[in-house]
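In: sequence unknown, structure follows:
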């Protein structure tokens, strides 16, 4: 039986790692041992960041909504409570977008939420 020389396979595997390590600095981009470790770690960071991105954006939307409802004499939590009681089901992403791009529409929603709340004594 003829022996198998693995140069072609190894080169292809290395090429794949080097392509993923493109843009890295120092030995991490051109030495297979360092590049492979760097690419593996980058993959771990990317996986984690995909989850974190969702949290970060939700926090941003909440901050924007909170800032937008303050002129109407409400806080974020009071506003969300009012929305729930008035039966308005609009998610935070859309509310944040409305607050920035459509202030009149956001004002109408805020007034509706405020009307659903009991009058403070």
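Out: Received it, and whenever you're ready, just let me know what you need. Please read these numbers as outputs of a predicted model, since none were measured by experiment. Numbers count the residues shown, from 1 in each chain.

In: quick one, grab the pLDDT at the spatially most central residue of the chain.
Out: Relative to the mean C-alpha position of the chain, the nearest C-alpha, by CA atoms, centre = their mean, is the one of residue 53, at 2.5 Å. On pLDDT, residue 53 comes in at 98.

In: residues in contact with it?
Out: Listed by CB atoms under 8 Å, 6 or more residues apart in numbering, residue 53 has no contact partners. To be clear about C-beta, it is placed using only N, CA and C from the backbone, and glycine gets the same treatment.

In: mind checking how far it is from residue 77?
Out: Spatial separation of residue 53 from residue 77 under the definition CB to CB, to the nearest Å is 24 Å.

In: swap in residue 23?
Out: 43 Å.

In: who has more neighbours, those two?
Out: The neighbour count for residue 23 versus residue 77, taken as other CB atoms under 10 Å, is higher for residue 77 (11 against 7).

In: what about the longest helix in this structure?
Out: helix 32-69 (DSSP state H).

In: following that helix, which helix or strand shows up next?
Out: Beyond helix 32-69 in the direction of the C-terminus, DSSP states H and E gives the next helix or strand as helix 76-86.

In: buried sites along that next one?
Out: 76, 78, 79, 80, 82, 83, 86 (16 or more other CB atoms under 10 Å).

In: OK, contacts around residue 92?
Out: Contact partners of residue 92, counting by CB under 8 Å, 6+ apart, are 58, 61, 62, 65.

In: to clarify, my last question referred to residue 76.
Out: Residue 76 neighbours (CB under 8 Å, 6+ apart): 62, 65, 66, 69.
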